[in-house]
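In: Could you work out the structure for the sequence below:
(chains A, B, C and D)
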There are 2 protein chains.
Amino acid sequence: MSSPTGLRERKRERTREAISSAAISLFLARGFDPVSVAEIAAAAEVSKPTLFKYFGSKEDLVLHRIADHEAEAAGVLRSRSADEHPVDTLHRHFRSGLSRRDPVTGLNDHPEVLAFHGMVFGTPSLLARLARYAERDEEALAAAWQEPPGGTDPLTARLAAAQVVAIQRVLARRNWQRLVDGASADATYPVAVQEADRAFGLLRAVLATEAVVAGQAPCRLPAGPVSG
Amino acid sequence: MSSPTGLRERKRERTREAISSAAISLFLARGFDPVSVAEIAAAAEVSKPTLFKYFGSKEDLVLHRIADHEAEAAGVLRSRSADEHPVDTLHRHFRSGLSRRDPVTGLNDHPEVLAFHGMVFGTPSLLARLARYAERDEEALAAAWQEPPGGTDPLTARLAAAQVVAIQRVLARRNWQRLVDGASADATYPVAVQEADRAFGLLRAVLATEAVVAGQAPCRLPAGPVSG
DNA sequence: GACCAGACTTTACCGGGTAAACAAACTATT
DNA sequence: AATAGTTTGTTTACCCGGTAAAGTCTGGTC
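Out: So this is what the prediction gives:
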C-alpha cells in the first residue's frame, strides 16, 4: 500500500485535471465535434492512449462531472427520514437544487454554464451519453425505491423511477430554455419552482393512492382479453 | 419527374433491401460489434460509401424498421375520437399491440424477434440510438397532446408525453425479460395486460384530475421560497 | 543501491464515416 | 437516334475515435 497522499497520485490527479481543462476550454472555444482528441492530448502534453486511460471516451471528457453524481437520486432516497414519502424527498431535493442554482436543474445562468449546456444539448453524441447516464440513474433509483421502509412492488418502483427521471429532465430543459431565451435565473426561479411543484405534485398524487399500493389502480378501459 | 413506380426506384428499393437483409443475417449470426460494415457491403455487393447513402449509420442498419414507426404514438393520438381521453387512446393502442404480439411491446416470442431484441438490448450503441428515436417520439407526442381538442398546457403535455414513452419502454422491457426467462408469449399475455392496465391506469388517474387541467395540482410540500 | 510496478510513450493498427473525382445508366430534349 | 444532364454508384484516399503491443522512465520499497 502506498501512502494516502502519495506523490504519484497527486501527479496523476494533476494530469487528469490538465487533460480535462484543456478539453473543456477547447470545446467551449470551438465546439465538440471540430476538436479532435489528438489536439486535446497535445494541448495537455500527453499522448492519445494516455488520454484514454484517464477518460473512457471523448464524451466523458465533457460529462465526467455529471457522471460523478450518478446515483445521486438513489442516495437521496435512501437517506430520507422514514416518515417522508419518496416523492416528497425527491421533490424537496430538486427544490433545493433550484435554490442553489445547481446546474443539473438547468437554472444557472453563469455564462460558462450556459455555454456548457448549449454544447451538451446541441451535440447528439453527448446527448446519447447523457441518456445512458440517466438510464443508470433510473435503475439505481428503482432499486432504492423498492427497499424498505415502504418498499414498493417492482413495477411501481420502476415506473416511479422512470417518471422521476423524466420529470427532472423535462424541468431542467425547460429552465435552461428560458435562460437561453434571455431570462435571468433569478427571474425564472419562481416559475421554475411552480413547475417543479406541479410536476412532482402530479406524481405524488398518483403514488399516494391507496389503490396503487394495493396494485389495483383504476382502469377506465374494459377488461382486456385474456387470450390474444 | 419520373413515373411513380419508376424502374429506378424499384432497383433502389431492391438494393436497400439487399443491404438490410445482409446486415441483419450477419448481425444475428455473429453479433453487432464483431461484424464490420465493410463486410456487410461486400455481402450485399455494394461499396461502403453506397451503403452509407442508404443508411445513415451502422446502427440504422438494425433500427430502421423501428425508426419507421417514429411518430406512431403522435399519429394515434391525432386520429382519436374527440370524446376519448388521450391516455385511453394510447392505452388501447398498447393493448392492441399486445394482442397482436407487436414486437414493440416486447411480447413476441418468435426466435428471430427474441434474438433481435437481445441484440438491441445487449449493445450499448444500439440502445443509445433507440433512446434518440424515443426522444423524437416524445417530442411529436407532446406536440400532438397540446393540439385541440382538449389541448393541454405545454408543461402537462410534455410531462404526459415523457411519461407515456417511459411507460411503454418499461412495459416492453419487462415483457421481453419474461420471454427471455423462458415464458411463452401466450403465458405472459395476461400479466402483460394487467401491468399495462395498471401503468396506464395510474397515468390516467393523474391526468383526469380537474385540478390538473386547471394547473393547480396538489402539492404536499410547503410553498417554496420565491427568491433563492 | 537494486528492484518492482505502474504510468507514459511510440508506433502501428482497426473500424466507422466522409470527400472528391469519376464512370455508368436512365431521362428528356433536340 | 444523338446529346446533354441528372441520378446513382464506384474507387480511392483520407480523417477521427479508440486500442494493442512493446519498450522506457520513475516513484516507491526492500
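
In: How about the contacts made by the residue nearest to A:Glu139 when sequence neighbours are not counted?
Out: Leaving aside its sequence neighbours, A:Glu139 sits nearest to A:Ala161 (Cβ to Cβ, 6 or more residues apart in numbering or on different chains; 7.6 Å). The way it works is simple: take the backbone N, C-alpha and C, and place the C-beta from them, glycine included. Listed by Cβ atoms under 8 Å, 6 or more residues apart in numbering or on different chains, the contact set of A:Ala161 reads A:Glu138, A:Glu139, A:Leu141, A:Ala142, A:Trp145.

In: low-confidence ranges in chain A?
Out: A:1-8, A:149-150, A:209-228 (pLDDT under 70).

In: quick revisit: out of the contacts of A:Ala161, which are inside helices?
Out: A:Glu138, A:Glu139, A:Leu141, A:Ala142, A:Trp145 (DSSP state H).

In: Excluding chain neighbours, what is closest to the fourth one?
Out: Counting by Cβ to Cβ, 6+ apart, the nearest residue to A:Ala142 once its immediate chain neighbours are dropped is A:Ala161, at 3.8 Å.

In: residue boundaries of the helices in chain A?
Out: Under DSSP H, chain A gives helices at A:7-30, A:37-43, A:48-54, A:58-68, A:72-78, A:86-99, A:111-121, A:124-145, A:154-180, A:185-208, A:210-213.

In: a markdown table for these, including distance to B:Ala22?
Out: Putting the helices of chain A into a markdown table (distance: least, Cβ to Cβ, whole Å) gives the following:
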| stretch | distance to B:Ala22 |
| --- | --- |
| helix A:7-30 | 38 |
| helix A:37-43 | 33 |
| helix A:48-54 | 33 |
| helix A:58-68 | 30 |
| helix A:72-78 | 43 |
| helix A:86-99 | 48 |
| helix A:111-121 | 36 |
| helix A:124-145 | 26 |
| helix A:154-180 | 36 |
| helix A:185-208 | 46 |
| helix A:210-213 | 48 |
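
In: could you dump the ones you listed to a markdown table with distance to DNA strand D?
Out: Below are the helices of chain A laid out as a markdown table (distance: least, Cβ to the nearest atom of the strand, whole Å):
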| stretch | distance to DNA strand D |
| --- | --- |
| helix A:7-30 | 3 |
| helix A:37-43 | 4 |
| helix A:48-54 | 4 |
| helix A:58-68 | 3 |
| helix A:72-78 | 25 |
| helix A:86-99 | 30 |
| helix A:111-121 | 14 |
| helix A:124-145 | 8 |
| helix A:154-180 | 23 |
| helix A:185-208 | 32 |
| helix A:210-213 | 42 |
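
In: looking at these, which is closest to B:Ala42?
Out: Nearest to B:Ala42 among these is helix A:124-145 (27.7 Å), distances taken as Cβ to Cβ.

In: close enough to count as contact, A:His117 and A:Val104?
Out: No - if you go by Cβ atoms under 8 Å, A:His117 and A:Val104 don't touch, sitting 10.0 Å apart.

In: out of those two, which sits in the busier spot?
Out: A:His117 (21 against 15; other Cβ atoms under 10 Å in any protein chain shown).

In: Return the residues in contact with the more buried one.
Out: Applying Cβ under 8 Å, 6+ apart, the residues near A:His117 are A:Pro103, A:Gly106, A:Trp176.

In: Among those residues, name the buried ones.
Out: A:Pro103, A:Gly106, A:Trp176 (16 or more other Cβ atoms under 10 Å in any protein chain shown).

In: Show me which of the contacts of A:His117 is closest to DNA strand C.
Out: A:Trp176 (27.6 Å; Cβ to the nearest atom of the strand).

In: so what's the closest one up against?
Out: Taking Cβ under 8 Å, 6+ apart, one finds A:Gly106, A:Leu107, A:Leu114, A:His117, A:Phe121 in contact with A:Trp176.

In: can you check A:Glu72 too?
Out: Contact analysis of A:Glu72 by Cβ under 8 Å, 6+ apart lists A:Asp137.

In: on that earlier part again, how close does the residue nearest to A:Ala142 get to B:Ala74?
Out: Distance of A:Ala161 to B:Ala74, computed by Cβ to Cβ, to the nearest Å: 25 Å.

In: Same check on A:Thr156?
Out: In terms of Cβ to Cβ, A:Thr156 sits 27 Å off from B:Ala74.

In: again, but for A:Arg12
Out: Counting by Cβ to Cβ - A:Arg12 and B:Ala74 are separated by 50 Å.

In: Which one's more surrounded, these two?
Out: Using other Cβ under 10 Å as the criterion, A:Arg12 and B:Ala74 rank with B:Ala74 on top: 21 against 13.

In: picking up where we left off before, could the contacts of A:His117 go into CSV alongside distance to B:Leu26?
Out: As requested, the contacts of A:His117 are exported to CSV (distance: Cβ to Cβ, whole Å):
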residue, distance to B:Leu26
A:Pro103, 43
A:Gly106, 43
A:Trp176, 42
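
In: Dump these to TSV, plus distance to DNA strand C.
Out: Formatted as TSV, the contacts of A:His117 follow (distance: Cβ to the nearest atom of the strand, whole Å):
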residue	distance to DNA strand C
A:Pro103	29
A:Gly106	29
A:Trp176	28
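
In: what sits against the nearest residue to A:Ala134 once chain neighbours are set aside?
Out: Nearest residue to A:Ala134 in three dimensions, chain neighbours excluded: A:Val165, at 5.5 Å (Cβ to Cβ, 6+ apart). Contacts for A:Val165 (Cβ under 8 Å, 6+ apart) come out as A:Ala73, A:Ala134, A:Asp137, A:Glu138, A:Leu141, B:Ala166.

In: Stretch A:70-88: end-to-end distance?
Out: 20 Å (Cα to Cα, to the nearest Å).

In: for A:Asp109, phi and psi?
Out: phi -100, psi 20 (degrees, to the nearest 10).

In: My error: substitute A:Gly31 in the last question.
Out: phi 90, psi 160.

In: Run a quick neighbour tally on the residue nearest to it when sequence neighbours are not counted.
Out: Excluding its sequence neighbours, the residue lying closest to A:Gly31 (Cβ to Cβ, 6+ apart) is A:Met119, at 6.9 Å. By the other Cβ under 10 Å criterion, the neighbourhood of A:Met119 contains 16 residues.

In: quick one: contacts for A:Met119?
Out: A:Phe27, A:Leu28, A:Gly31, A:Phe32, A:Val62, A:Leu126.
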